[in-house]
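**Q** My questions concern the predicted model and sequence given below.
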Amino acid sequence: MIMTLELQFVGCGDAFGSGGRLNTCFRVRHRQGSFLIDCGASSMIGLRRLGIDPNSIDAIVISHLHGDHFGGLPFFILDAQLVSRRTAPLIVAGPPGLRARLEAAMEVFFPGSTKVERRFAVDIREMEPRATHSFAGIEVTPYQVKHPCGAPPFALRIAVDGKRVCYSGDTEWVDELEEAARGVDLFVAEAYGADKAIKFHLDYATLAAHLPAIRAKRVIVTHMGPEMLQRQALLGCEAADEGMIVTI
């Protein structure tokens, strides 16, 4: 029997804390366990605030290598070793270049931390676009989008427990988004701006123009900048909020 899938917004803000919101981090619970979509720099704060046990997380899927989307990984891994006393393996999946960037970040934030023996394995999976990658009870298909970050940025199409979720990541409009999100049960889409085109980011007006072709069953916008936060209610779109739980 397929149980209800649950996505909780741990953090849904932009890189700059607009509206006092935390960096991007979504927790998804499913029949076999839990995983995170993105792990921005403030993710441990959000997880603790919501009472989410980090040891309950089996995998972390990263959309792209900007600090507000992957910068919480060093803190998550150090917490797992020193505070949460993790013993189960942790899968971290993301774009090519993830391993080197994560090691560099850990050495910048916590020098020597990559050399310390851990009680658990960190299994790094560098994903190729348009290939389906299976791990931890989920299937992830990345689509390359447009958002310079020193490595390929991804939109993520995730299949789990018979449900399909897409997260746009950060990107200006590219046709790959339509393919990644077509017909999904839930599309979580960046809407940094309201109706003004911003290079390498989505605005809601552009997103809305493409939604009829995408045909997602539910659309929730996230990663909103100051203008979008002010106008979201007037635009009538469903928007993420921290702690909000969505079931599909």
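**A** Nice, thanks for sending it over. All figures in this text were calculated on a predicted structure; none of them were measured in a lab.
**Q** for this protein, what spans make up the strands?
**A** Taking DSSP state E to define them, one finds strands in the chain at 6-11, 25-30, 33-37, 57-61, 90-94, 122-126, 133-135, 138-144, 154-160, 163-167, 186-190, 219-222, 245-247.
**Q** other SSEs contacting the fifth one?
**A** Helices and strands in packing contact with strand 90-94 are listed as strand 57-61, helix 73-82, strand 122-126, strand 133-135; criterion 3 or more CB pairs under 8 Å, 6 or more residues apart in numbering; DSSP states H and E. From N, CA and C alone the C-beta is placed, and that goes for glycine too.
**Q** What angle do strand 138-144 and the first one make with each other?
**A** This means strand 57-61. Angle, strand 57-61 to strand 138-144, by axes from the mean of the first three to the mean of the last three CA atoms, to 10 degrees: 20 degrees.
**Q** Repeat that for the longest one.
**A** Using the same axes, to 10 degrees, one finds that helix 73-82 and strand 138-144 are set 160 degrees apart in direction.
**Q** shaky segments in the chain?
**A** Of all residues in the chain, those with pLDDT under 70 make up the ranges 1-3.
**Q** Of the strands of the chain, flag the one that's most buried.
**A** strand 186-190 (a mean of 26; mean count of other CB atoms under 10 Å).
**Q** other SSEs contacting it?
**A** Of the remaining helices and strands, those touching strand 186-190 by 3+ CB pairs under 8 Å, 6+ apart are strand 163-167, helix 175-181, strand 219-222.
**Q** Looking at the ones you listed, which is nearest to A191?
**A** strand 219-222 (3.8 Å; CB to CB).
**Q** Could you list every helix and strand that that closest one packs against?
**A** Using 3+ CB pairs under 8 Å, 6+ apart as the contact criterion, the secondary-structure elements in contact with strand 219-222 are strand 186-190, helix 204-214.
**Q** Please convert the ones you listed to JSON lines, extending it with distance to G150.
**A** Formatted as JSON lines, the helices and strands packed on strand 219-222 follow (distance: least, CB to CB, whole Å):
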{"stretch": "strand 186-190", "distance to G150": "19"}
{"stretch": "helix 204-214", "distance to G150": "25"}
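**Q** quick one, which of those is nearest to L73?
**A** Closest to L73 of the helices and strands packed on strand 219-222 is strand 186-190 (CB to CB; 19.9 Å).
**Q** how many other residues sit next to T171?
**A** T171 is surrounded by 23 other residues when neighbours are defined as other CB atoms under 10 Å.
**Q** Who are the contact partners of it?
**A** In this structure, T171 makes contact with 145-147, 153, 155, 177, 190, 200-202, judged by CB atoms under 8 Å, 6 or more residues apart in numbering.
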